[in-house]
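J.: Give me the fold of what follows.
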Amino acid sequence: MMAWWEGEVVDRACIHVTAPLTPEDGPEPADLYDYWTNVDHVVERTAERIRNTFWGGEAFPLFWPNLGPDAFAAFFGAEITFVDRQTTWVPPIIADWERAPELTTKEDNHWWRLQLELLKAAKAKGDDKWITGIPDTHSGGDALAALRGREKLCLDLYDHAQEVKAAMSQLVETVLQVYEIYYEIVEAEKCGSSSAWLPAWWPGRANVIQCDFLALISPEMAEEFFLESIVAEARWLDRAVFHLDGPDAVRHLDLLLAIPEIQAIQWVPGAGALPMTKWVPLLKRIQDAGKSLHLSVDPYEVQILLEELEPEGLMLRTRVASEAEARDLLNKVAQWT
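T.: This is a model prediction of the structure:
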């Protein structure tokens, strides 16, 4: 894994392959609020999933306590809406800039306290069972888009440029403070931590950074309003992966590849887009720029990608139906590299 971060290879390309050890359980309870917020249930449920998983290759047991992608926005007063067992969102709360809230965390904020409680419980109960990952941040431009509304924020880049820049400065300062608290809890320097939902382990501070809002704007707007926050997060971390999501985000790739503090790119084709194997020219472009790749793929794509891409700095993440199938794939990856 450390070689992967450095864009190197040991004896084969990195492969993160998991499989269930027994048939997976049926539907979980329908109470969404309890599903997301009951700390004991969250820890018990995740511990059972970890116990029931075969971890092959560079896969490792990871528990990242999470309240959904917009949880960071909720720390400033937005209320989380639980959509299903996969995601959440928040209704915008910045109706106009004259009454915008101060973008700093408050100790008495319900969602902030709950997030810290989840993180501490995961760390306390999992020291010898899993790596406790950092909660999903979705800070910077994504947090501001959640708080203001995406359409309004697009217009604000023209009509309220100074207000947007001031808000982004506050968000940068706050996310670094939040990181400090998160990493102190997981003891990153002592036992290693990982990125949030993307397994990318490093002995110090590693995480995924992103700005999905970039898909709605031009590279010129991205550089003017959001590049500073992306660079600030990447510089604070020891290792950073940038989550590049969907074809509309590709226009920003050159801007991101020029940031030396970003060591890796996670490319996600996006909902309804072409499979990973159809993006080989883009993936080669990323490799040619000296960045590592973290790709979630279907099992059938593994051989194709290993034939097309360089093994240095390549991480393929997949899931198969059984431990036997996972072990077979591991052996084949050693041959295909």
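J.: CA atoms for contacts and neighbours, from now on please.
T.: OK.
J.: So which other helices or strands are in contact with the one helix or strand residue 329 maps to?
T.: Taking DSSP states H and E as the criterion, residue 329 maps to helix 323-336. Where contact means 3 or more CA pairs under 8 Å, 6 or more residues apart in numbering; DSSP states H and E, helix 323-336 is packed against strand 14-20, strand 53-57, helix 301-308.
J.: So what touches the next helix or strand after the second one?
T.: On the C-terminal side of strand 53-57, the closest following helix or strand by DSSP H and E is strand 62-63. With CA atoms under 8 Å, 6 or more residues apart in numbering as the contact definition, strand 62-63 has outside contacts at 46, 50, 122, 130, 131, 132, 133, 194, 199.
J.: Quick one: neighbours of residue 281, just the number.
T.: Look at residue 281: counted by other CA atoms under 10 Å, it has 12 neighbours.
J.: Does the helix or strand it falls within pack against any helices or strands, and if so which?
T.: Taking DSSP H and E as the criterion, the element that holds residue 281 is helix 280-288. Judged by 3+ CA pairs under 8 Å, 6+ apart, the packing partners of helix 280-288 are strand 292-296.
J.: quick one: contacts of the strand it packs on?
T.: Strand 292-296 is contacted from outside by 4-7, 263-268, 276, 283, 286-287, 312-318, using CA under 8 Å, 6+ apart.
J.: Now, these that are in helices?
T.: Counting by DSSP state H, the part of the contacts of strand 292-296 found in helices is 4, 5, 283, 286, 287.
J.: model confidence over the helix holding residue 329, on average?
T.: If you average the pLDDT over helix 323-336, you get 96.
J.: what angle sits between it and strand 53-57?
T.: Direction vectors for helix 323-336 and strand 53-57, defined by axes from the mean of the first three to the mean of the last three CA atoms, to 10 degrees, enclose an angle of 10 degrees.
J.: Next, the buried residues of helix 323-336.
T.: With burial defined by 16 or more other CA atoms under 10 Å, the residues of helix 323-336 counted as buried are 323, 326, 327, 329, 330, 333, 336.
J.: any chance of those in a markdown table, plus distance to residue 166?
T.: Shown next, in a markdown table, are the buried residues of helix 323-336 (distance: CA to CA, whole Å):
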| residue | distance to residue 166 |
| --- | --- |
| 323 | 51 |
| 326 | 49 |
| 327 | 52 |
| 329 | 50 |
| 330 | 49 |
| 333 | 49 |
| 336 | 51 |
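J.: Can you tell me which of the residues you listed is closest to residue 226?
T.: Checking those against residue 226 with CA to CA, the nearest one is residue 333 at 38.7 Å.
J.: what about the protein, any weak spots by pLDDT?
T.: Low-confidence segments of the chain, defined by pLDDT under 70, are located at 24-30, 188-195.
J.: who's sitting farthest from the centroid in it?
T.: Of all residues in the chain, residue 98 has its C-alpha farthest from the mean position, at 32.3 Å, by CA atoms, centre = their mean.
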